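**Q** Kindly return the folded structure for what I paste below:
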Amino acid sequence: MRARTLLIAILAGASCGKDARSPGARVPSTPAFANQAKGVAYVGSEACRSCHAETWSTFAHTGMGRSFYPLEAGRVIEDWTTRNVFVDSRTGLHYRMTRRDGKFLMRQFLLDAKGREIAVDERELLFVIGSAHHSRSYVVADAGKLFQAPVCWYTKDAAWDLCPGYEQENDYFSRPIDRTCVFCHNARMTLAPGARNAYAEPYPHGIDCERCHGPGALHVEKWAKGALPTGEGDPAIVNPKRLPRALRMQICFQCHLGDSKATERVSRYDRPLEDFRPGEPVSSVMVPLRYADALPHDFGLSSQADRMLLSRCYTESKGAMECVTCHDPHVTVYRAGRPTDFFDAKCLGCHARSACRGDASARAATRPEDDCVACHMRKTEPDDHRRTAFTDHWIRKRPADDPPRARRSPDLVPYLPDEFDRLPPSARAYYLGRGYALRAHFVPPQAQRPLWQASEREFREAIAQGNDRADALFFLGKAQSAQGKQADAARSYDAAYEKNPGDHDIAFAHGQALFRMKRLDDAVSVFAAMVREHPDSAAPLAERARALAMSGRYAEALDDFVKASALEPWNADLHSGAGMMLSALGRHAEAVSQLEAAVRCAPERPAIWDSYATILARAGRAADAREASARVSALRGGG
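**A** You can find the predicted model right below:
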């Protein structure tokens, strides 16, 4: 008891009084940093290099500094020549990674009955995402848009394998690198107008100084004009050391508060994510939510802050413990020469070694590196990233004693309750509704219904409280549709469309609801308006094509499918739709070409191969049709 009292006293003394508070508590007024103002320009990390050479150099070797970069010969760590083939044993889908003519290539294909490659799709790998401490994933480009390649390199096993999530559903070369991806995996990238995954070039290479210090134009301009140091810091740029602890930690929350299976970071409807400036509460651009029932055993790749906030070391320190207590963001923990007792020393800043009740003789015999961490922070494979070993940041007496268990409740609660409680009731209900809906997409089908029910309940509450904007009605409709309440969903979509017919997603959902009700002419009208409003979007073209095809207007439907597939050449459904329309018009040979493109884009989808078999048969290619049918049977588990 005396040791515990002494520990609390030490921690309280280290907390510096007013700054020692929870990350969601109201914090004192922050220094006025001029670069927090909207419109201050970003300059990139090279502008920092000449004045901050040593810090710049060490940061370049951190995981953040190496988060995004071109795939070049000088940075190769993978096996491109010997163990360079991965085969998905479930379907026989092959990937071969090679170097040719100075390029790095990933080839996706199947083998036919004679061992020949079919459904071949080969892409150049342009950029790397990931420091390679644990894994590397790759970026390909198609029609000016960025996508993740399906196979990753895993450093621990020195092996190629499907990237996280692809083992559950393979997106092939069509998983978009969207704004939420680049927000945490690179420095600031600017979306092209109206695009989801096309960005202004040149791309930055890695998370940079401005992610934690804010835009640097004012700072660079000031010192370029010959300003003299005052020893008091530069108010032209955020220095995290000068922030209250709560706000300093929330800089890390941008990316390290986000367990993929337990956390939702709901975007604010009144401010975009990219507007965040260090020194602000992260709740100014997002509302982070988590399951109320935290699982002791399971944790995700990016859950460092999530798990630390559950630790007694954090909660009993009253805010004295923070991310930078153990981590210098400018220096990699993987550096050569790091003292073996580096983290031990951090723990012993508050704890006495004599207080450890572990088996001292056993520890002395094995002496694992960083002894405290080895016992009190599990290092194991996270539940969302295979073939890796990460440290679980929930610090506990005996984490190994916590076996896996199912989550007892789907209820969500805010990570930052003080900030959340300051929102109006209508906004609180809205963000909870979004959180439940987003969670529903990441749980097994049998666990989805209570989440969709909770989402509908919260959106109804938000609307009753006066938040009846178009998007609230739209999301209510999504929750209703997911539960099979199509009539209710149609009414919600209709109300949302009345309020904002120009919104792409609202109009699209409204048109689909009309299609389901067999109001084909009305659906065509809605999608036609969308085509005019959003000429670069393939979705309304595809949906109008479906409605036209249902009405027997095959030539018009074909025209829309062809235009849509030109916008999204990676989309198997668009090629398949064009092929079916060509076949309906008696143009079977042309239809075969479209279905060949479809199976290249989605080589494991039975429905695509089934359509291909049908078209081959119509084209008089009976033997090929039988082989395609056999492929359908194999993919469906029939042999």
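**Q** Show me what the host helix or strand of residue 247 is packed against.
**A** For residue 247, the element it lies in under DSSP states H and E is helix 245-256. Helix 245-256 is packed against helix 179-185, helix 304-308, helix 323-326, with contacts defined by 3 or more C-beta pairs under 8 Å, 6 or more residues apart in numbering; DSSP states H and E. For every residue, glycine as well, the C-beta is placed using N, CA and C.
**Q** Of all these, which one comes closest to residue 140?
**A** Closest to residue 140 of the helices and strands packed on helix 245-256 is helix 179-185 (C-beta to C-beta; 13.6 Å).
**Q** So for the closest one, mean pLDDT?
**A** Rounded to a whole number, the mean pLDDT of helix 179-185 is 94.
**Q** what's it packed up against?
**A** Taking 3+ C-beta pairs under 8 Å, 6+ apart as the contact definition, the neighbouring helices and strands of helix 179-185 are helix 245-256.
**Q** Convert the C-alpha atoms of the helix it packs on to PDB, please.
**A** Listed next in PDB are the C-alpha coordinates belonging to helix 245-256 (Å, rounded to 0.1, in the frame of the first residue of the first chain):
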ATOM      1  CA  ARG A 245      -0.500  17.800 -22.600                       C
ATOM      2  CA  ALA A 246      -4.100  17.000 -23.700                       C
ATOM      3  CA  LEU A 247      -3.700  18.800 -27.000                       C
ATOM      4  CA  ARG A 248      -0.200  17.500 -27.500                       C
ATOM      5  CA  MET A 249      -1.400  14.000 -27.300                       C
ATOM      6  CA  GLN A 250      -4.200  14.700 -29.700                       C
ATOM      7  CA  ILE A 251      -1.600  15.400 -32.400                       C
ATOM      8  CA  CYS A 252      -0.900  11.600 -32.100                       C
ATOM      9  CA  PHE A 253      -4.600  10.900 -32.100                       C
ATOM     10  CA  GLN A 254      -4.800  11.900 -35.700                       C
ATOM     11  CA  CYS A 255      -3.600   8.500 -36.700                       C
ATOM     12  CA  HIS A 256      -2.800   6.300 -33.600                       C
END
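**Q** starting at the chain centroid, how far to the helix holding residue 247?
**A** When distances are taken as C-alpha atoms, centre = their mean, to the nearest Å, helix 245-256 is centred 18 Å away from the chain's centroid.
**Q** Quick check: next helix or strand after that helix?
**A** As assigned by DSSP H and E, the chain's next helix or strand after helix 245-256 is strand 263-267.
**Q** ok, now which ones touch the nearest residue to residue 151 once chain neighbours are set aside?
**A** Nearest in space to residue 151, with sequence neighbours left out and distances taken as C-beta to C-beta, 6 or more residues apart in numbering, is residue 95 at 4.7 Å. Residues touching residue 95, when contacts are defined by C-beta atoms under 8 Å, 6 or more residues apart in numbering, comprise 85-87, 106-108, 150-151, 160.
**Q** strands paired with the strand or helix carrying residue 95, and their directions?
**A** Remark: residue 95 resides in strand 93-100, with elements defined by DSSP H and E. Each strand paired with strand 93-100, and its direction, by DSSP bridges: strand 85-88 (antiparallel), strand 103-111 (antiparallel).
**Q** For these, give me a markdown table that also has distance to residue 448, mean pLDDT and mean neighbour count.
**A** Output for those, formatted as a markdown table (distance: least, C-beta to C-beta, whole Å; pLDDT from 0 to 100; neighbours: other C-beta atoms under 10 Å):
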| stretch | distance to residue 448 | mean pLDDT | mean neighbour count |
| --- | --- | --- | --- |
| strand 85-88 | 26 | 98 | 15 |
| strand 103-111 | 30 | 98 | 18 |
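**Q** Run through the bridge partners of residue 111.
**A** The partner list for residue 111 in beta bridges (DSSP bridges) reads residue 117.
**Q** wait, doesn't it sit right on residue 117?
**A** Yes - proximity of residue 111 to residue 117 meets the contact threshold set by C-beta atoms under 8 Å, at 6.4 Å.
**Q** list the residues that contact both of those two?
**A** A shared contact of residue 111 and residue 117, defined by C-beta under 8 Å, 6+ apart, is any residue touching both; here these are residue 94.
**Q** What ranges does the stretch 201-350 of the chain have for its strands?
**A** Taking DSSP state E, counting those that start in this stretch as the criterion, the stretch 201-350 of the chain contains strands spanning 263-267, 286-291.
**Q** which of the ones you listed is buried the deepest?
**A** The highest mean neighbour count among the strands of the stretch 201-350 of the chain belongs to strand 286-291 (a mean of 24), with neighbours defined as mean count of other C-beta atoms under 10 Å.
**Q** Give me the angle between that strand and helix 245-256.
**A** Strand 286-291 runs at 80 degrees relative to helix 245-256, counting by axes from the mean of the first three to the mean of the last three C-alpha atoms, to 10 degrees.
**Q** Show residues contacting strand 286-291.
**A** Residues from elsewhere that reach strand 286-291 (C-beta under 8 Å, 6+ apart): 253, 257-259, 262-268, 273, 276, 282, 306, 407, 409-416, 420, 423, 431-432, 435, 439.
**Q** Which among those residues count as buried?
**A** If you count burial by 16 or more other C-beta atoms under 10 Å, the buried members of those come out as 253, 257-259, 262-268, 276, 282, 306, 407, 410, 412, 414-416, 420, 423, 431-432, 435, 439.
**Q** Show me how far stretch 603-621 is from its chain's centre.
**A** On the basis of C-alpha atoms, centre = their mean, the separation between the geometric centre of stretch 603-621 and that of its chain is 34 Å.
**Q** Not counting that stretch itself, show me its contacts.
**A** Under the criterion C-beta under 8 Å, 6+ apart, residues 88, 91, 93, 108-110, 119, 121, 170, 172, 572, 576, 579-580, 583, 588-589, 591-592, 595-596, 598-599, 602, 622, 624-626, 628-629, 631-632, 635-636 lie in contact with stretch 603-621.
**Q** now swap in stretch 473-487 and tell me
**A** Residues from elsewhere that reach stretch 473-487, judged by C-beta under 8 Å, 6+ apart: 433-434, 436-437, 440, 448-449, 452-453, 455-456, 459-460, 463, 488-493, 495-496, 499, 503, 505-506, 509, 513, 516.
**Q** same check, this time on stretch 330-338
**A** If you take C-beta under 8 Å, 6+ apart as the criterion, stretch 330-338 is touched by 55, 58-59, 61-63, 133, 327, 342.
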